[in-house]
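Undergrad: Fold the following and give me the result.
(chains A and B)
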Number of protein chains: 2
Amino acid sequence: MLSKNTLKFIKSLQQKKFRREEKAFFVEGSKNVTELLQSDFEVTHLLFTEKFAREYHQLIPSSGVNLVEVSQKELESAGTFQSNDSALAVAKIKENISFELKSNEWAIALDDIRDPGNLGSIIRIADWYGIKKLLISNESADIYNPKVLHASMGSFTRVITYYTDLEGFFSKGNYPIYGAFLEGENIYNVNFGQGGIILMGNESNGISQEVSRFVSQKISIPKFGHAESLNVAIATSVICDNMRRQAHIQSKIKGQNG
Amino acid sequence: MLSKNTLKFIKSLQQKKFRREEKAFFVEGSKNVTELLQSDFEVTHLLFTEKFAREYHQLIPSSGVNLVEVSQKELESAGTFQSNDSALAVAKIKENISFELKSNEWAIALDDIRDPGNLGSIIRIADWYGIKKLLISNESADIYNPKVLHASMGSFTRVITYYTDLEGFFSKGNYPIYGAFLEGENIYNVNFGQGGIILMGNESNGISQEVSRFVSQKISIPKFGHAESLNVAIATSVICDNMRRQAHIQSKIKGQNG
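TA: Just a heads-up that it's a prediction; the model follows:
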């Protein structure tokens, strides 16, 4: 049975303030919980239904984790999902590690992405396109927000996020930075190099002036119709796809010629 | 001042049942309301704040529309937005017109898209990529759902939606249908023709078996990392981008050779 203290503790983790204090967060639903259990995150609590235990018994740790079998109702009272018949897990937040980028590696930088759903989607997109590092401005949404984790569909376990002051960070490094603007070079013609940073801006205001002066190349997605703009997660996916596509085609041509 | 009857009427339009009965829907916020006022939809009611009137006075119709100046509080009580200091408008639903596709034209077909946010995003993406027609299975979300309209960011005024039974529809026509699957041909290698239908499936189950037998070409977005899948709106944008990109590059080559 779920104790009042554990319930209170988990509910407190819906707030960033308590997540920071406790250095802990939780995820819900079978997709995120099973991904978490298979990752290198340190899991401290696992609340699960009989159904979850039947389906995923091989994933349930035998020691070191506070295991509680619960009813669906208890699970829903602890988390944020309207309906959850599988599990909820609490894990330790990873400390910000130092950010490094090899010359042939890609990262995505986010300048003030406020919407948790957008941040979670971008984490999932980064994971799909094999981009393992995310630089996130301090004003952006918190990746341990339950809505971010939910939208990431487990990809938060595979993408390293690094919160920083982008202006200060860019002023010290020397990375090729491809910044998304409404009036940049058409991504169909952009020569993406071997590696660098794809920079995306705020939902309403785009990339801030302070950060935009570090952009090496302004890039744009060509428009064929009349919508004023694309959502930032959509734009991120299209840019990542064009970058990966170019490298894919180039390596194919190289293969044919060599 | 907002009458009790008008308030009750607008609130009822949050439900599909009443939207069908009244053949009416509403949109909220300056983006959607200003787009609606500039479209060929028949607007019946416009609720607006003093602020909206100051900014957009040239868009406020001089006749034929029930005009009510309201407070922000009244606006919020009538609609679904937590915060709305601009406007809300009611318009007539357009009747399903008959669907036709020229041989050099593209449409998107949606097989059971349940999430209103996804449907709204896809409408916005279609509008960006100049795709004016959407075929939607009857089980999908309703485009006049306030969440769909909100996510479409005004693009619902420029994209024609046609609800139908996809199986019946496809069995009668003879269109090239490019269906998105997890195991289809890499979109980087697909030869998109001059026109046809891009078919996207349900959020959890993909394209249904009944509909998939009409697919002329199964297509897939290549994966470079480890996410299990992409969200359906994200996948739609990447596919549309690849289709438009190919036509763009081909017309450039043609231009050079001619």
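Undergrad: Run a quick neighbour tally on A:L149.
TA: 27 (other C-beta atoms under 10 Å in any protein chain shown). From N, CA and C alone the C-beta is placed, and that goes for glycine too.
Undergrad: same deal with A:C240?
TA: Neighbour count of A:C240, defined by other C-beta under 10 Å: 23.
Undergrad: swap in A:A151?
TA: With other C-beta under 10 Å as criterion, A:A151 counts 22.
Undergrad: That one is in what secondary structure piece?
TA: Per DSSP states H and E, A:A151 falls inside helix A:146-152.
Undergrad: Equivalent analysis for A:H248, please.
TA: Per DSSP H and E: helix A:232-257 holds A:H248.
Undergrad: pLDDT averaged over that helix - what is it?
TA: Summarised as a single mean, pLDDT over helix A:232-257 is 91.
Undergrad: and it, what other elements does it pack with?
TA: Here helix A:232-257 touches strand A:106-110, helix A:116-128, strand A:177-186, strand A:196-200, helix B:232-257, going by 3 or more C-beta pairs under 8 Å, 6 or more residues apart in numbering or on different chains; DSSP states H and E.
Undergrad: which one of those lies closest to B:S140?
TA: helix B:232-257 (11.0 Å; C-beta to C-beta).
Undergrad: In that closest one, which residues are buried?
TA: Using 16 or more other C-beta atoms under 10 Å in any protein chain shown as the test for burial, helix B:232-257 gives B:232-247.
Undergrad: you'd agree A:I160 is up against A:L135?
TA: No: using C-beta atoms under 8 Å, A:I160 is not in contact with A:L135, being 9.8 Å away.
Undergrad: re earlier: what residues does the helix holding A:A151 touch?
TA: For helix A:146-152, contacts defined as C-beta atoms under 8 Å, 6 or more residues apart in numbering or on different chains pick out A:14, A:25-29, A:32, A:79-81, A:116-121, A:123-124, A:127, A:141-143, A:156, A:159.
Undergrad: The same query, at a cut-off of 6 Å, please.
TA: Helix A:146-152 is contacted from outside by A:27, A:80, A:116-117, A:119-121, A:123-124, A:141, A:156, using C-beta atoms under 6 Å, 6 or more residues apart in numbering or on different chains.
Undergrad: how close does A:I187 sit to chain B?
TA: Going from A:I187 to chain B by C-beta to the nearest C-beta, to the nearest Å gives 9 Å.
Undergrad: Distance from the chain centre to the helix holding A:A151, please.
TA: Relative to the mean C-alpha coordinate of its chain, helix A:146-152 is positioned 8 Å out (C-alpha atoms, centre = their mean, to the nearest Å).
Undergrad: cool, stretch A:206-223 as well?
TA: Worked out by C-alpha atoms, centre = their mean, stretch A:206-223 lies 21 Å from the chain centre.
Undergrad: Pull it out as PDB, backbone CA atoms only.
TA: What follows is stretch A:206-223, C-alpha atoms only, in PDB (Å, rounded to 0.1, in the frame of the first residue of the first chain):
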ATOM      1  CA  GLY A 206      12.300  33.500 -32.100                       C
ATOM      2  CA  ILE A 207      16.000  33.800 -31.300                       C
ATOM      3  CA  SER A 208      16.900  36.700 -29.000                       C
ATOM      4  CA  GLN A 209      19.100  39.500 -30.100                       C
ATOM      5  CA  GLU A 210      21.700  38.700 -27.500                       C
ATOM      6  CA  VAL A 211      22.100  35.200 -28.800                       C
ATOM      7  CA  SER A 212      21.600  35.900 -32.500                       C
ATOM      8  CA  ARG A 213      24.900  37.700 -32.800                       C
ATOM      9  CA  PHE A 214      26.700  34.300 -32.300                       C
ATOM     10  CA  VAL A 215      24.900  32.700 -35.200                       C
ATOM     11  CA  SER A 216      27.300  31.700 -38.100                       C
ATOM     12  CA  GLN A 217      24.500  31.000 -40.500                       C
ATOM     13  CA  LYS A 218      20.900  32.100 -40.500                       C
ATOM     14  CA  ILE A 219      18.700  29.300 -42.000                       C
ATOM     15  CA  SER A 220      15.000  29.100 -43.000                       C
ATOM     16  CA  ILE A 221      12.500  26.500 -44.000                       C
ATOM     17  CA  PRO A 222      11.000  27.400 -47.400                       C
ATOM     18  CA  LYS A 223       7.300  28.100 -47.400                       C
END
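Undergrad: Need the contact partners of it.
TA: A:111, A:166-167, A:170, A:176-181, A:184-187, A:190, A:201, A:235, A:238, B:128.
Undergrad: ok, and for that stretch, which residues are buried?
TA: Buried residues in stretch A:206-223, counted by 16+ other C-beta under 10 Å: A:206-208, A:211-212, A:214-215, A:217-221, A:223.
Undergrad: any idea which of these is closest to chain B?
TA: Nearest to chain B among the buried residues of stretch A:206-223 is A:K223, at 5.7 Å by C-beta to the nearest C-beta.
Undergrad: can you confirm the closest one is in a strand?
TA: No: A:K223: not assigned to a strand; according to DSSP: H, G, I helix; E, B strand; the rest coil it is coil.
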